[in-house]
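S.K.: here is a sequence with its predicted model. Questions after.
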Amino acid sequence: MGQILITGGLGFIGVNLANYLLSNTEENIIIYDNMSRKNVIKNKEWLEQHTKARSHLQIIKGDICDFTSLKKNASDLEKIYHIAGQVAVTTSVKDPFLDFETNAKGTLNVLEMARQLNTDPLLIMTSTNKVYGALDGLKVIEKEKRYDFKEYKQGISETFPVDPHSPYGCSKYCAESYFKDYYRIYGLKTVVFRMSCIFGTHQWGTEDQGWIAHFIISSVLARPLTIYGDGKQVRDILFISDLIQAFQLALKNINKTKGEVYNIGGGVNNTISLLELLELLEEMLNRKITYDFDTWRPGDQKVYYSDTSKAKKDFNWVPKIPKEEGIRELFDWVRGNIQLF
Ligand SMILES: NC(=O)c1ccc[n+]([C@@H]2O[C@H](COP(=O)([O-])OP(=O)(O)OC[C@H]3O[C@@H](n4cnc5c(N)ncnc54)[C@H](O)[C@@H]3O)[C@@H](O)[C@H]2O)c1
């Protein structure tokens, strides 16, 4: 049996995916991760201890920016989940070179490595809704605790014009353009997921990225919390197990999905604002949460949620976990693992 490569496989999404594949398939998994994200050593320890299929797992400490190392560690690959990345808008604004090297050049390295294999691998990558930019031109309705779109009531679809508004948006759009074009030019079977907020267990959310986890961790541990903007920003949120199902279905239907881009998120039924999440957490904790406000961050969208109907049409995927259920699961995981934080 061929092998499966997960770049960034020790991060939040990667480790959950690796665990799923090890638990549900016979596949041999190679994780390739430079371990630059704080706390992912804990994901490594958890995966190694937790999995019953240890002999199917190989973990390599390596950087996608290092083409020679990537190529040396890749052979006989059937599928590549390209998940490694510089993940935060804030970091990209501070260090656009690091962001570009990781997201744009690193992705090109992965594609070139794949192109030079003779196994015709399937590839999927994790891009972002930030490629649509701040959506400033869209009419927005302001309510007591949230914004909403005046139009686009079913959310933003893949046909919406791309206009990245941050180095992160630019590098990811560059990466996904290469992904798409490697299908057209070289016939590599590539799929792009343009994702909204994904959340779940083993997520080390910070102020810079992973806001649902960050809000839950900060609230449970009574740590200081700052809201940038007015807190009425709305996002669609998707629980990790739903994302993993989307990966599986998209690859299973590769004849339909190759060369395509899909908006993947919780969709219109799973939207929440920052203030609404805090209110829900106050109920769950049965106490008030203290937080303060600061100015809006660059490129921050007042509202974003995905129209996921293309994914439904092409590979019959819809989100299954309601937002409250996912939030409860992550909340319980944080409460049950306080010593990790
Ligand atoms: N979590 C979300 O809500 C979300 C939303 C949209 C897009 N994404 C994208 O999904 C991917 C995974 O996100 P995540 O939330 O799991 O983040 P994460 O930070 O937990 O995981 C990323 C992993 O990539 C690794 N990595 C970073 N730079 C690397 C490099 N140069 N070489 C090898 N490994 C490297 C990190 O060590 C980390 O383990 C990222 O590409 C991110 O941009 C995530």
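M.R.: That came in fine, so what should we check first? The shown structure was predicted, so the numbers you read here are calculated from the model rather than taken from an experiment. Residues are numbered from 1 along each chain as shown.
S.K.: contacts and neighbour counts: CA atoms only from here.
M.R.: Will do.
S.K.: tell me the centre residue of the chain?
M.R.: The chain has I198 as the residue nearest its centroid, 5.4 Å off, counting by CA atoms, centre = their mean.
S.K.: same question for I59, what's its three-state structure.
M.R.: Under DSSP: H, G, I helix; E, B strand; the rest coil, the three-state class of I59 is strand.
S.K.: so which bits of the stretch 1-150 of the chain are right by the ligand?
M.R.: Proximity of the stretch 1-150 of the chain to the ligand, by CA under 6 Å from any ligand atom, involves residues 8-14, 33-37, 40, 62-65, 83-87, 102, 126-128.
S.K.: in helices, which of the residues you listed appear?
M.R.: Among those, the residues falling in helices (DSSP state H) are F12, I13, G14, V40.
S.K.: what's the neighbour count on the last one?
M.R.: Using other CA atoms under 10 Å, V40 is surrounded by 22 other residues.
S.K.: please apply the same query to the second one.
M.R.: Counted with other CA under 10 Å, the burial measure for I13 works out to 23 neighbours.
S.K.: ok, it - contacts?
M.R.: Contacts of I13 were listed using CA atoms under 8 Å, 6 or more residues apart in numbering, and they are I83, Q203, I240.
S.K.: ok, so of these, who is nearest R223?
M.R.: Among the contacts of I13, Q203 lies closest to R223 (CA to CA), at 17.0 Å.
S.K.: report the contact partners of the closest residue to that closest one other than its chain neighbours.
M.R.: Nearest residue to Q203, sequence neighbours excluded (CA to CA, 6 or more residues apart in numbering): F12, at 4.8 Å. Neighbour list for F12: V40, N43, G200, T201, H202, Q203, W204 [criterion: CA under 8 Å, 6+ apart].
S.K.: farthest pair within these?
M.R.: The largest separation in those, counting by CA to CA, is between V40 and G200 at 14.3 Å.
S.K.: follow-up on the earlier one: quick check: beta-bridge partners of the residue nearest to the centre of the chain?
M.R.: For I198, the beta-bridge partners are L238 (DSSP bridges).
S.K.: give the contact list for it.
M.R.: G210, I237, L238, F239, I240, L243, G265.
S.K.: one more: T271?
M.R.: Taking CA under 8 Å, 6+ apart, we find T271 in contact with V234, R235, D236, I237, Y305, K323.
S.K.: how does it look with 6 Å?
M.R.: By CA atoms under 6 Å, 6 or more residues apart in numbering, the residues touching T271 are R235, D236.
S.K.: ok, now how distant is it from W317?
M.R.: Distance of T271 to W317, given as CA to CA, to the nearest Å: 18 Å.
S.K.: also L251?
M.R.: L251 is 12 Å from W317, by CA to CA.
S.K.: and what of E27?
M.R.: Relative to W317, E27 is positioned 23 Å away (criterion: CA to CA).
S.K.: between those two, which one's more packed in?
M.R.: Neighbour totals were compared for E27 and W317, and W317 leads with 21 against 18 (other CA under 10 Å).
S.K.: Three-state assignment for N263, please.
M.R.: Going by three-state DSSP: N263 is strand.
S.K.: quick check: it vs the ligand, distance?
M.R.: 10 Å (CA to the nearest ligand atom, to the nearest Å).
S.K.: next one: G259
M.R.: 18 Å.
S.K.: any idea of the pLDDT on that residue?
M.R.: Note for G259: predicted pLDDT of 98.
S.K.: that one contacts T190, doesn't it?
M.R.: Yes - contact criterion CA atoms under 6 Å: G259 and T190 qualify, at 5.4 Å.
S.K.: show me which of the two is the more surrounded one.
M.R.: Comparing G259 with T190 by other CA under 10 Å, the one with more neighbours is T190, at 29 against 21.
S.K.: need phi/psi at the more buried one.
M.R.: For T190, the backbone dihedrals are phi -110, psi 150 (criterion: degrees, to the nearest 10).
S.K.: test my guess that it contacts L123.
M.R.: Yes - using CA under 6 Å, T190 makes contact with L123 at a distance of 4.7 Å.
S.K.: this protein: helices as residue ranges?
M.R.: Per DSSP H, the chain carries helices over the ranges 12-24, 40-50, 67-72, 89-94, 96-100, 106-115, 167-186, 211-220, 240-252, 254-257, 274-285, 309-315, 323-336.
S.K.: nearest to K143, out of those helices?
M.R.: That would be, of those and by CA to CA, helix 274-285, which comes in at 11.6 Å.
S.K.: I'd like the mean pLDDT over the closest one, please.
M.R.: According to the model, helix 274-285 has a mean pLDDT of 98.
S.K.: what's in contact with that helix?
M.R.: Under the contact criterion CA under 6 Å, 6+ apart, helix 274-285 has outside partners G231, K288.
S.K.: alright, I will stop here.
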